[in-house]
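J.: Just a sequence and a predicted model for now, questions to come.
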Amino acid sequence: MNMSIYVEKLLSMGAAADVLMSRMTTFKIGGKADLFIEPSNSRELQEILSVAKEGQIPVTVIGGGSNLLVSDNGVEGLVIRIGDKMSAVEQVGNVFSVGAGILLSSLTKETIRRGYMGLEWAGGIPGRLGGAVAMNAGAYGYEIKPLLSSVEYIENGEVCSKKVEDADMGYRKSIFAQNNRIVVSAVIELLKDDGGAKDRMIEMNNKRKNSQPLAYPSAGSVFKRPEGYFAGKLVEDANLKGVSVGGAQVSEKHAGFIINTGSATCKDVLDLIAHIKKTVFEKDGVMLEEEVRFIGRKM
Ligand SMILES: Cc1cc2nc3c(=O)[nH]c(=O)nc-3n(C[C@H](O)[C@H](O)[C@H](O)COP(=O)(O)OP(=O)(O)OC[C@H]3O[C@@H](n4cnc5c(N)ncnc54)[C@H](O)[C@@H]3O)c2cc1C
């Protein structure tokens with residue numbers, strides 16, 4: 001990319017150039033980001049955003065990269081990962097103020113270790129808290145929303161806070177995934193462990209291991225649950241299990257997942273998604289909608 005003074009500034013602030021996004025996603029797919037950086041705190045993030053804005057450098061935010069399909073042509077501009085460097089956990093009684101970069105699995109284990117319950121269902125989700133808040137992640141009838149009291153985020157360079165009831169959180173959506181907002185921390189309220197939290201987490205993690213193709217790279221469920229149906233069941237009933245395009249394959253274990261059998265490209269996955277949507281629509285009249293987020297240059 002053009003070595004403007006702004007790019008040089010971002011490099012001097014710790015950004016790396018030409019970073020392979022396949023290393024940053026659980027799908028293990030994606031070309032290079034022009035620039036990649038992981039801030040250590042909100043203030044640093046604000047400085048990074050200010051330089052990017054001045055230099056008119058497009059910004060894309062990611063967390064664990066576990067719900068992402070990244071273009072083979074890479075990502076223009078700057079990818080900001082809210083990750084381990086922003087994962088502090090502060091606790092006052094049953095109220096936890098947590099950095100958005102913490103892995104959900106680490107947060108779940110840590111809160112159980114401290115004697116609290118509520119996150120057991122999230123122990124096996126490979127995302128980070130910011131991504132889970134933005135997507136309103138959920139599993140086994142639970143979701144993150146009821147545990148949240150407020151969320152701190154950056155919008156137009158300013159640190160803002162929102163109560164969860166004002167955040168329009170619904171099935172796999174929230175205002176935090178819109179308008180380039182970046183979640184930096186969240187306040188979560190948990191209950192005292194009734195003594196069963198660890199066992200429940202283990203049970204739900206085992207359920208995942210038995211039903212999901214965790215031995216292969218993927219981005220989890222590819223499609224949202226259509227009203228009145230299950231996406232995986234629709235895909236299975238359309239005889240699509242095992243169908244593949246290049247290195248992308250509809251999982252034999254869970255038809256809602258597309259797995260990367262080793263050499264899948266983004267194009268393979270997009271072509272397979274298009275084939276699934278067309279086949280299911282022709283059979284059942286249901287138009288599946290992607291849960292997985294596409295980022296990067298046009299394909
Ligand atoms: C094996 C497997 C199992 C899964 N199981 C589940 C499940 O049971 N339930 C479920 O809900 N999901 C599941 N997922 C999907 C995924 O883990 C969740 O959606 C997760 O919450 C995404 O978090 P992330 O940090 O990986 O976000 P990313 O994938 O990095 O990003 C997802 C979206 O969130 C945005 N985002 C990320 N971080 C921030 C931030 N700090 N501020 C603002 N926006 C942000 C990104 O821009 C993007 O639009 C699964 C995925 C895999 C691979």
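T.: Great, that's in hand.

J.: In contact with Val280, which residues are there?
T.: Leu234, Val235, Ala238, Leu240, Val286, Leu288 (CB atoms under 8 Å, 6 or more residues apart in numbering). All C-beta spots, glycine's among them, are computed from the backbone N, C-alpha and C.

J.: The spatially closest residue to Ala177 that is not a sequence neighbour and the ligand, how far apart?
T.: Closest residue in space to Ala177, ignoring its immediate chain neighbours: Ala134 at 4.1 Å, by CB to CB, 6 or more residues apart in numbering. Ala134 is 4 Å from the ligand, where distance means CB to the nearest ligand atom, to the nearest Å.

J.: Pull out the buried positions in the helix or strand harbouring Ala134.
T.: Under DSSP states H and E, the secondary-structure element containing Ala134 is helix 129-135. Neighbour counts over helix 129-135 (16 or more other CB atoms under 10 Å) mark Leu129, Gly130, Gly131, Ala132, Val133, Ala134, Met135 as buried.

J.: Which pair of the residues you listed spans the longest distance?
T.: Pairwise distances across the buried residues of helix 129-135 peak at 10.9 Å for Leu129 and Met135 (criterion: CB to CB).

J.: Can you check which residues contact both of those two?
T.: Taking CB under 8 Å, 6+ apart as the criterion, Leu129 and Met135 do not both touch any residue.

J.: Just put the buried residues of helix 129-135 in CSV and tack on pLDDT.
T.: Shown next, in CSV, are these (pLDDT from 0 to 100):
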residue, pLDDT
Leu129, 98
Gly130, 98
Gly131, 98
Ala132, 98
Val133, 98
Ala134, 97
Met135, 94
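
J.: for those residues, which one is nearest Glu165?
T.: Comparing the buried residues of helix 129-135 against Glu165 with CB to CB places Val133 closest, at 14.0 Å.

J.: was I right about the closest one contacting Ile144?
T.: Yes. Using CB atoms under 8 Å, Val133 is in contact with Ile144, at 6.1 Å.

J.: and Leu50, how many neighbours does it have?
T.: No Leu there; residue 50 is Ser. Ser50 has 12 neighbours, counted by other CB atoms under 10 Å.

J.: quick one: the helices in the protein?
T.: Using DSSP state H, the helices found in the chain span residues 5-12, 42-54, 104-113, 129-135, 197-211, 231-237, 266-284.

J.: Now tell me what touches the fifth one from outside.
T.: Taking CB under 8 Å, 6+ apart as the criterion, the residues outside helix 197-211 that touch it are 108-109, 112, 116-117, 119-121, 123-124, 139-140, 214, 253-254.

J.: Could I have the buried ones of the residues you listed as ChimeraX selection syntax?
T.: The ChimeraX selection below is limited to those of those classed as buried (16+ other CB under 10 Å):
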select :108,112,116,117,119,120,121,123,124,139,214,254
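
J.: Could you identify the most distant pair in the contacts of helix 197-211?
T.: Spatially, the most separated pair among the contacts of helix 197-211 is Tyr116 and Lys253, at 32.5 Å (CB to CB).

J.: So which bits of the protein are right by the ligand?
T.: By CB under 6 Å from any ligand atom, the residues of the chain that approach the ligand are 26, 61-68, 82, 100, 125-128, 130-132, 134-135, 137-139, 176-177, 181-183, 212, 214, 218-220, 293.

J.: one more time with 5 Å
T.: 26, 61-68, 82, 100, 125-128, 130-132, 134-135, 137, 139, 182-183, 220, 293 (CB under 5 Å from any ligand atom).

J.: So among these, which ones count as buried?
T.: 26, 61-68, 82, 100, 125-128, 130-132, 134-135, 137, 139, 182-183, 220.
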